[in-house]
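Enquirer: What shape does this take:
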Amino acid sequence: MKTMNYLPYNKKLVSRAKELRKNMTVAEQRIWKSYLRSFPYRVYRQRPIENFIVDFYCPQLKLVIEIDGESHYTENAQDYDRERTQILQGYGLKVIRFKNDDVLNNLTGVVNLIEKMIPH
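Expert: Sure, this is the predicted structure:
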């Protein structure tokens, strides 16, 4: 059942999400510590939504932020990411993706794009 206020939550993913939170990638740590931790809206790290664990989720903005490493650049991974994005968008979520390199080498540009997602 898809409604705007309900996001399915797979309890089997909770322990994996906790593990991922403890072992964030360098890019995830960078964007979390230098920006998202003090974001004007609450942001959750490694949040289970449906059968996925999204990198960052802001419920007030219905925004999913994904930080993609090298494993996301294979053809199979890109197909999976497209399908995953469509499913998440089906719940009314906005999904934005950044490459690790963007976060590590152009954090200001990444932050500027995220800032555009905040209603003014």
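Enquirer: residues touching Pro119, list them.
Expert: For Pro119, the set of contacting residues under the criterion of C-beta atoms under 8 Å, 6 or more residues apart in numbering consists of Leu61. Every C-beta, even on glycine, is put in place using the N, C-alpha and C of the backbone.
Enquirer: and it, which of the three is it?
Expert: Here Pro119 is coil, with the state taken from DSSP: H, G, I helix; E, B strand; the rest coil.
Enquirer: how far away is it from Gln60?
Expert: In this structure, Pro119 and Gln60 are separated by 10 Å, where distance is defined by C-beta to C-beta, to the nearest Å.
Enquirer: How many neighbouring residues does Val26 have?
Expert: Val26: 11 surrounding residues under other C-beta atoms under 10 Å.
Enquirer: isn't it right next to Asn105, touching?
Expert: No. Under the criterion of C-beta atoms under 8 Å, Val26 is not in contact with Asn105, lying 11.7 Å apart.
Enquirer: for Ile96, helix, strand, or coil?
Expert: Look at Ile96: counting by three-state DSSP, its state is strand.
Enquirer: And it, how far from Ile118?
Expert: 12 Å.
Enquirer: and if you look at Ala27?
Expert: In this structure, Ala27 and Ile118 are separated by 21 Å, where distance is defined by C-beta to C-beta.
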